[in-house]
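Chemist: Need coordinates for the below:
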Amino acid sequence: MMHRVINKTHIEKLIEEGNVYSIANVRVTSEAQKYRPVQNDNILNFLPTITLTKIKDTEEIPNSKFYTISQIL
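Modeler: The predicted structure follows:
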C-alpha cells in the first residue's frame with residue numbers, strides 16, 4: 001500500500017467507483033512528511049497528465065482498501 005496525492009475535482013471526472021483501471025503518468029517520490037497514513041516510505045503523485053484505462057476486473061489483481069485522512073482521524 002502506498003500513500004497517494006490526488007486532486008479530487010480532477011480525478012472524480014476520470015473514475016467511477018467499482019471499476020478497475022490501469023494508471024499511467026504518475027510520479028513516485030520519497031515521503032517528506034512526518035505523518036504517513038500507510039507504512040511506506042514513498043508517495044504516489046497523480047499528475048495532471050494522468051491516463052486511466054478501464055480494464056476488466058480479475059481475481060489476479062489483489063483487493064486493497066484505502067482510507068482518506070478524514071477517515072483515519
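Chemist: Report how many residues lie close to residue 21.
Modeler: Residues lying near residue 21 (other CB atoms under 10 Å) number 14. Backbone N, C-alpha and C define where each C-beta goes, glycine included.
Chemist: so it makes contact with residue 51?
Modeler: No - at 9.5 Å, residue 21 and residue 51 do not qualify as touching, with contact defined as CB atoms under 8 Å.
Chemist: For stretch 18-34, what does the pLDDT average out to?
Modeler: Averaging pLDDT along stretch 18-34 yields 79.
Chemist: Direction included, what does whatever helix or strand residue 26 lives in pair against?
Modeler: Per DSSP states H and E: residue 26 is located in strand 20-30. Applying DSSP bridges to the sheet, strand 20-30 is found paired with strand 42-55 (antiparallel).
Chemist: So for the partner strand, what gets flagged as buried?
Modeler: Of all the residues in strand 42-55, those buried under the rule 16 or more other CB atoms under 10 Å are 43, 46, 50.
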